[in-house]
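**Q** Predicted model and sequence follow; I will ask about them next.
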Amino acid sequence: MKVTGRIALVAAAMAFAPMTAAADPLTYAGVKTMIEGMGHTATEISTKPGEEKFEIVVVTEGFNVPLGFEVSKSGRYIWCTAFLGKSTLDGDRAIALLKRIGAVQPTSFWLTDKDELKMGIAIDNRDVTPAHLKFVTEKLANDVSKTADIWQAPQ
């Protein structure tokens, strides 16, 4: 009986506890406004409905890294991506890049249908804050720099 009483007490307390509502997912305009509010200059890459994308430049020690931002078609994710150019990876460098992924996760690499190498992070589009976007932009830009020895074409 004591257990039943405690359960009822906890249930009653939870019924009166304030519930915090999750913020609505950010729209494309919301992401752009948040990034611009962080001091970045956003340049439109695509304004085609459903494919909107803008770009900012993040400066690292070795690179000026252009980062693209777009909201997924489902609205569930915000993609932050870096275009690394036409892939010049050979077998050994491709394997080295796959091995390096563990050191930069959750950042990922992929090849497009046009053999373009990209790097990016998908951000869960729930309760996104400027601090979270700052972390992601800095991480991705630094990951581009940290992996350049592999993805850049040999000179």
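**A** That came in fine, so what should we check first?

**Q** the helices in the chain, which residues?
**A** Secondary structure of the chain by DSSP state H: the helices cover 2-16, 28-37, 91-104, 130-151.

**Q** would you turn those helices into a markdown table with mean neighbour count?
**A** (C-beta placed from N, C-alpha, C; glycine too.) Formatted as a markdown table, the helices of the chain follow (neighbours: other Cβ atoms under 10 Å):
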| stretch | mean neighbour count |
| --- | --- |
| helix 2-16 | 9 |
| helix 28-37 | 17 |
| helix 91-104 | 13 |
| helix 130-151 | 17 |
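
**Q** Look up how far L67 lies from the spatially most central residue of the chain.
**A** For the chain, I121 is the residue whose C-alpha lies nearest the centre (Cα atoms, centre = their mean; 3.5 Å). Distance, I121 to L67, by Cβ to Cβ, to the nearest Å: 10 Å.

**Q** Would you mind listing the residues touching both of those two?
**A** Residues touching both I121 and L67 (Cβ atoms under 8 Å, 6 or more residues apart in numbering): C80, L140.

**Q** picking that back up, out of the helices of the chain, the one nearest S72 is which?
**A** Judged by Cβ to Cβ, the one of those that comes nearest to S72 is helix 28-37, at 10.4 Å.

**Q** can you give me how far that closest one is from the chain middle?
**A** 14 Å (Cα atoms, centre = their mean, to the nearest Å).

**Q** Worst mean pLDDT across the helices and strands of this protein, which element?
**A** helix 2-16 (a mean of 55; mean pLDDT, DSSP states H and E).
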